[in-house]
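Colleague: Take this sequence and fold it.
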Amino acid sequence: MRQIIEWSMQARVLVLAIAVMFRPGARIALARPGYPAHRNVLRAFGLVPLELDCGPATRFQPTAGMIAALEPAPSGLILTSPSNPTGTMLDRAEMAALAAVCRARGIRIISDETYHGITFGQHAHSMLEFEPESVVLNSFSKYWCMTGWRLGWAAVPPRLVDVMNRYSANIFLVPPTLAQHVALTALDGHAELEAHVATYARNRQLLMEGLPGLGITRMAPADGAFYIYADVSHLTDDSLHLCHELLDATGVALNTGRDFDSINGGRFIRISFAVSTAETVQGLELLAGWLHRRGHA
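Modeller: Purely as a prediction, here's the structure:
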């Protein structure tokens, strides 16, 4: 029987999982673009991130074929669905195929499911449906709107429970009591939380409809989470500089793709729509005016 273990933040669960599952020097596959903390934690523990170039052809997600082609087989695979920064999700068939190829090749899976609950039109599947030996991470930060509380949990195989608890006691101790009580209250706030998801859906639609009119037409399918990952190579190959210029000129803050992809990220930006609909409309208007003044819209 699997156990759910609560720790003081989802990133710390990742640290614990990596510490007990892999030895220094192990190669761990993960998508690029992807959440930067994943590769940074791997490097901090002496592991080798094996970044898989995931673009529009694979909906910015790794495939079973990619994993099957890796020689030698990596020790582990980190999946994120819905993804940060792209918002893309793995469908049921691909998750099953990934689980099968990892099982056959002895690759251990860590599934970061932080954005479950925030999806648009399709259900987010958990890797637990396909691989009971996987370690699944989640957090109160996103769907439950508790970002600042830094509270998360993991579902882990029973054989890992004791060793992860021992590591936790030496590195992190326990989550604060107050944060745990707040989390229990948040679990009962379904109506309020679903209202937030409805706002994200409206904002997403505004951006998906409005950005093409500004010349930003190449975007990752935003299946879930609250991000648009957009190709702006027609504007720049240095999206960090573009983001700085936009912020200084308008006050609109976007994120450079370089945070998520050290190779191709200069051609991409990430737009968060975890704001009010009024702020989304205002942001689009300010972006449109700025691009127009630059002669791009």
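Colleague: Quick check, R267 in contact with S233.
Modeller: Yes - R267 is in contact with S233 according to C-beta atoms under 8 Å; the separation is 4.0 Å. Using the backbone N, CA and C atoms, a C-beta is placed for each residue, glycine as well.
Colleague: neighbour-wise, which of those two wins?
Modeller: R267 (20 against 13; other C-beta atoms under 10 Å).
Colleague: check contacts around the more buried one.
Modeller: The contact partners of R267, taken as C-beta atoms under 8 Å, 6 or more residues apart in numbering, are D231, V232, S233, T236, D237, S239, G257.
Colleague: Surely the fourth one and L242 touch.
Modeller: Yes - under the criterion of C-beta under 8 Å, T236 is in contact with L242, at a separation of 4.6 Å.
Colleague: shaky segments in the stretch 1-150 of the chain?
Modeller: The stretch 1-150 of the chain contains residues with pLDDT under 70 at 1-11.
Colleague: For it, which segments count as helices?
Modeller: 10-21, 36-44, 64-69, 92-105 (DSSP state H, counting those that start in this stretch).
Colleague: which one of those helices lies closest to H296?
Modeller: Nearest to H296 among those is helix 36-44; the distance by C-beta to C-beta comes to 28.1 Å.
Colleague: can you state the direction angle for that closest one and helix 10-21?
Modeller: Per axes from the mean of the first three to the mean of the last three C-alpha atoms, to 10 degrees, the angle that helix 36-44 makes with helix 10-21 is 30 degrees.
Colleague: Helix 36-44: which residues count as buried?
Modeller: In terms of neighbour count (16 or more other C-beta atoms under 10 Å), helix 36-44 has its buried residues at P36, H38, R39, V41, L42.
Colleague: Show me what it is packed up against.
Modeller: With contacts defined as 3 or more C-beta pairs under 8 Å, 6 or more residues apart in numbering; DSSP states H and E, helix 36-44 has these neighbours: helix 10-21, strand 27-32, strand 48-53.
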